[in-house]
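Student: Quick one, what's the 3D model for this:
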Amino acid sequence: MPNETIKKVQDYKDSLVKKAEQLIFQGFPEKIVELNEMLATDMFCERNFNEVHQDLNIPVPEPILVNHVDEASAGGDPPSAKRPRNDFCVPGTKVMALPSGTVPCNEPLCEMIKIVKPIIRKLVEDSNLLKMWISFLIPKIEDGNNFGVSIQEDTLAEIQAVESEAAAFFDQISRYFLSRAKVVSKVAKYPHIEDYRRAVVELDEKEYLSLWLVVCEVRNRYSSLHDIVIKNLEKLKKPRSSNAESLY
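Tutor: Reported below is the predicted structural model:
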């Protein structure tokens, strides 16, 4: 049983090395070309900000006229001096239900997000695979002849940074929906204030630019990883060279 387990672990390592090398020589170049072609499509190339604007479906209600009646002239008790005055406090409109139905998400941006999220996930997976590949190539710790090992460690640190950055792109998307929901709730409560409606528009435009930038950054990260691995491939695979022949 122990021998069978060891064999399975070794098979896993061998398959991982094979997948990583195929990714380096074939997967990375194909992904770079694919992302370049995507950035040249109408969805990402020179798109007008007006195309990502979305109607909030929150109508502006009719203004409510409030008649201020003097309590003393109406026969009521005069206001107490200790009673706090709320003349300048505007509580806003209580939102029980929106008259026109729900507020939709930004449909053009949701379409872009459906395309961008798998790209981010793929970069995380590829970075993780490359990270494990280099980890398996690092030799045991010895004194001296560690120049190749330092190249492996620097490359590994670069890959880990790319992996962390790609994972942060997911958080950026979720924060957009959360921020938009908060501003939309302000629009529902204060429908007469145009600044809140404008804030939603600005947030959508910002997210569109961020999604375009994410695709650009993913392409750049694939290019940089491919470049650094290809340039140092010999040292990554064989970090220590034998100097035995030079001694004779």
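Student: Every contact and neighbour count from this point should use C-alpha atoms.
Tutor: Fine.
Student: Go ahead and flag the most central residue of this structure.
Tutor: F169 (1.8 Å; CA atoms, centre = their mean).
Student: Next one, pLDDT for that one please.
Tutor: F169 is assigned 93 on the pLDDT scale.
Student: What is the host helix or strand of it packed up against?
Tutor: Using DSSP states H and E, F169 sits within helix 147-189. Under the contact criterion of 3 or more CA pairs under 8 Å, 6 or more residues apart in numbering; DSSP states H and E, helix 147-189 touches helix 107-137, helix 194-231, helix 233-237.
Student: Make sure the residue nearest to the centre of the chain is actually in contact with P118.
Tutor: No. F169 lies out of contact with P118 (CA atoms under 8 Å); the separation is 11.4 Å.
Student: Generate CSV for the helices and strands packed on helix 147-189, with mean neighbour count and mean pLDDT as supplementary columns.
Tutor: What follows is the helices and strands packed on helix 147-189, written out as CSV (neighbours: other CA atoms under 10 Å; pLDDT from 0 to 100):
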stretch, mean neighbour count, mean pLDDT
helix 107-137, 17, 94
helix 194-231, 17, 95
helix 233-237, 16, 90
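Student: Of those, which is nearest P99?
Tutor: Nearest to P99 among the helices and strands packed on helix 147-189 is helix 194-231 (17.2 Å), distances taken as CA to CA.
Student: what inclination does the closest one have with respect to helix 107-137?
Tutor: Angle between the axes of helix 194-231 and helix 107-137 is 30 degrees (criterion: axes from the mean of the first three to the mean of the last three CA atoms, to 10 degrees).
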